[in-house]
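> sequence isn't available, so here's the structure alone:
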């Protein structure tokens, strides 16, 4: 998948694919926006972008960059956003940290007409191998923190996500799979993909 | 002292929320930096309860540096090399703007004949000043504490007047606890025998004792328990033993007495009554049909709210309440809770994170 030229080119691969597929001039809510890298790229596409971030230091960075970011907890604060106030809601590498990922997904497609969700795939073969071989919770490039300190409290696989989307009545519009920063085909993605990006919408 | 003030007479009477109007209104103000030819670089700074227009220049009574000199000036976060900063004394106050110590049309001081005013009335006065200065649209309106209330009020009631709103350590409504502390202060003033129902302007004696107690009580609410413990603990003041009397044995007592008595030299007791009343009456949602989101329905400004984790006067929840309303109204809003040990007063103190946020937001 080619990414948008210019501003989006230095983004992390999942953010680059999201930035490339958001229509210019749309309204976007970035949930768990971090340092605002995606927001800055989207501003460059003429989007009206808002962010939510729990980490005060990152919020400060964003505000100092001139981005509209609210310090808050997505688990609690998403409900305050009006229905379909945004064209897109983005949840990058945050689903697995949610208290209730199912409720967060529901809120996501309520606040936005469509949602982009990226997450590390716990069924990636290196994970399986590490668990099988060592019998220990894997610590990898994409999940670098030990089980007792990680914020990732709800590990998820590609198949799990697809099943949950089905259960919640979400339509999967598009999907992208990556290992390292390289995009993969969809075949065997649950084995082969280190992380995934899904575009979903509430089924009409 | 009045030659240090620059009062601007407003051309017409000022209609008031409580009914009636105030005539011959003067709004005293200071400016810093140059107004651009297109008049697009003006920032209105709104002061807090006991603040004034001397935001970045020496106070004419105390000689102390401006109350936000660390934030406002050449090369500072609110950069007067780039922005034209306007700061005005609110009506009801006592630094050159019309207030209870001003002369009424009958030539006598208003005293308690001054009408009870609201935050919106204060802002009405500020907007009147902007009109006379030919500033139609502000680059930003900025304020902390009561200044933040004015900033929010301006955004809600004159939405076309400001492109950016920076509201720090503030609230959209006074809580029961806020009102309670103010009532203690007002009762202290009114219990002072020198207050004489507010008619003390011709007297030798002023209700300084009452005003000092009011300030002492309020000052505690501006600090934090940790801050007080760190600064004073249980340390004794210039003595090694307790005196078993009621002198200021403890450093914290001595500090509060100093704060109280210093305050009486620069502030009018009746102004304190009127301004605290205006703050207590402040409820932005109530003004707009009970829904705070409704207050911001007409805005196209960008907002930034900042709270401090040690501020128990206007705690983070109050800022969040405003942020939720702004989100519901679809307004672009930033919010950050900064970590600072100094309680409510943090917004006036050396918090580098606040500088970065203010600078970045105003760009």
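Right, received. Where do you want to start? What you see is a predicted model; the values in this text were computed from it and never measured.
> show me the contact partners of the helix or strand of chain A with the lowest mean pLDDT.
None of the helices or strands of chain A scores lower by mean pLDDT, DSSP states H and E than helix A:74-77, at a mean of 90. For helix A:74-77, contacts defined as CB atoms under 8 Å, 6 or more residues apart in numbering or on different chains pick out A:31, A:32, A:52, A:54, A:70, A:91, A:94, A:98, A:99, A:100, A:104, B:324. For glycine as for every other residue, the C-beta is placed from the backbone atoms N, C-alpha and C.
> narrow those to those in strands?
Using DSSP state E, the members of the contacts of helix A:74-77 that fall within strands are A:31, A:52, A:70, A:91.
> near chain B, from the residues you listed?
Contacts with chain B are made by residue A:70 out of the ones in strands among the contacts of helix A:74-77, judged by CB under 8 Å from any CB of the partner chain.
> nearest to chain B among the ones in strands among the contacts of helix A:74-77?
Among the ones in strands among the contacts of helix A:74-77, residue A:70 lies closest to chain B (CB to the nearest CB), at 4.4 Å.
> how close does that closest one get to residue A:200?
Remark: distance between residue A:70 and residue A:200 (CB to CB, to the nearest Å) = 23 Å.
> for the record, mean pLDDT for the strand or helix carrying residue B:306?
Taking DSSP states H and E as the criterion, residue B:306 maps to strand B:302-308. Mean pLDDT, strand B:302-308: 98.
> direction included, what does it pair against?
strand B:164-168 (parallel), strand B:333-338 (parallel) (DSSP bridges).
> which among those strands is found nearest to residue B:277?
strand B:164-168 (21.1 Å; CB to CB).
> okay, the strands paired with strand B:302-308 in TSV with mean pLDDT and mean neighbour count next?
Formatted as TSV, the strands paired with strand B:302-308 follow (pLDDT from 0 to 100; neighbours: other CB atoms under 10 Å in any protein chain shown):
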stretch	mean pLDDT	mean neighbour count
strand B:164-168	98	26
strand B:333-338	96	25
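> determine which two of the ones in strands among the contacts of helix A:74-77 are furthest apart.
A:70 and A:91 (15.3 Å).
> which residue would be the closest one in chain A to chain B?
residue A:64 (3.2 Å).
> so which elements touch the helix or strand harbouring residue A:49?
Using DSSP H and E, the element containing residue A:49 is strand A:48-53. Here strand A:48-53 touches strand A:27-31, helix A:37-43, helix A:56-64, strand A:68-71, going by 3 or more CB pairs under 8 Å, 6 or more residues apart in numbering or on different chains; DSSP states H and E.
> out of these, deepest packed?
Highest mean neighbour count among the helices and strands packed on strand A:48-53 (mean count of other CB atoms under 10 Å in any protein chain shown): strand A:68-71, with a mean of 27.
> let me see the contact set for the closest residue to residue B:282 other than its chain neighbours.
Distance criterion CB to CB, 6 or more residues apart in numbering or on different chains; nearest residue to residue B:282, sequence neighbours excluded, is residue B:119 at 4.6 Å. Contact analysis of residue B:119 by CB under 8 Å, 6+ apart lists B:146, B:149, B:150, B:153, B:278, B:279, B:281, B:282.
> show the end-to-end separation of stretch B:156-166, please.
Distance across stretch B:156-166, first residue to last, is 13 Å (CA to CA, to the nearest Å).
> from what I can see residue B:143 touches residue B:171, true?
No - the pair residue B:143 / residue B:171 is not scored as a contact, 12.0 Å apart, by CB atoms under 8 Å.
> which residues do the two both contact?
residue B:149.
> can you name the residue of chain B nearest chain A?
residue B:360 (3.2 Å).
> and that residue, how many neighbours does it have?
As a burial measure, residue B:360 scores 19 neighbours (other CB atoms under 10 Å in any protein chain shown).
> now it. Nearest residue, chain neighbours left out?
residue A:64 (3.2 Å).
> give the contact list for the one you found.
B:356, B:357, B:359, B:360, B:361.
> please apply the same query to residue A:196.
A:118, A:119, A:121, A:158, A:161, A:175, A:176, A:177, A:178, A:189.
> name the spans of the chain whose pLDDT lies under the cut-off.
Answering for chain A, as no chain was given. A:1-9, A:204 (pLDDT under 70).
> actually chain B
Using pLDDT under 70, chain B drops low at B:1-3.
> where do the helices sit along it?
Listed in chain order, the helices of chain B (DSSP state H) span residues B:119-133, B:146-157, B:176-190, B:208-222, B:225-231, B:251-264, B:269-281, B:292-295, B:316-328, B:352-362.
> how about the one residue sitting closest to the centre of chain B: what's its closest non-neighbour residue?
The centre of chain B sits closest to residue B:48, judged by CA atoms, centre = their mean, with a distance of 1.2 Å. Among residues not flanking residue B:48 along the chain, residue B:145 sits closest, at 4.0 Å (CB to CB, 6+ apart).
> before we move on, the earlier item: what angle do the strand holding residue B:306 and helix B:316-328 make?
Orientation check (axes from the mean of the first three to the mean of the last three CA atoms, to 10 degrees): strand B:302-308 against helix B:316-328 gives 160 degrees.
> can you check what angle separates strand B:302-308 from helix A:56-64?
Strand B:302-308 runs at 150 degrees relative to helix A:56-64, counting by the same axes, to 10 degrees.
> up against chain B, what does chain A have?
Looking at chain B, the residues of chain A close enough under CB under 8 Å from any CB are A:48, A:50, A:56, A:59-60, A:62-72, A:77, A:80-82, A:85.
> for the strand holding residue A:49, which strands pair with it and how are they oriented?
Counting by DSSP bridges, strand A:48-53 is paired with strand A:27-31 (parallel), strand A:68-71 (parallel).
> thought residue A:189 was touching residue A:176?
No - assessed by CB under 8 Å, residue A:189 is found out of contact with residue A:176, at 9.4 Å.
> how is chain B carved up into domains?
B:2-174+B:283-362, B:178-275 (automatic domain parsing).
> now do the last one: distance from first to last residue.
According to CA to CA, domain B:178-275 extends 13 Å from its N-terminal end residue to its C-terminal end residue.
> quick one: it to chain centroid distance?
Centroid separation for domain B:178-275 versus its chain: 18 Å, with CA atoms, centre = their mean, to the nearest Å.
> and residue B:121, how many neighbours?
Residue B:121, neighbours per other CB under 10 Å, totals 23.
> dump the residue contacts of it.
Per CB under 8 Å, 6+ apart, neighbours of residue B:121: B:14, B:16, B:17, B:18, B:22, B:91, B:92, B:278.
> which residues touch the third one?
It stands for residue B:17. By CB under 8 Å, 6+ apart, the neighbours of residue B:17 are B:117, B:118, B:120, B:121.
> and if you look at residue B:52?
Applying CB under 8 Å, 6+ apart to residue B:52 gives the contacts B:59, B:67, B:89, B:93, B:95.
> give me that answer again for 6 Å
B:89, B:95 (CB atoms under 6 Å, 6 or more residues apart in numbering or on different chains).
> surely residue B:156 meets residue B:295?
Yes - using CB atoms under 6 Å, residue B:156 makes contact with residue B:295 at a distance of 4.1 Å.
> give the residues shared as contacts by the two.
residue B:284.
> buried set for stretch B:180-191?
The neighbour-count criterion (16 or more other CB atoms under 10 Å in any protein chain shown) identifies B:181, B:182, B:185, B:186, B:188, B:189, B:190 as the buried residues of stretch B:180-191.
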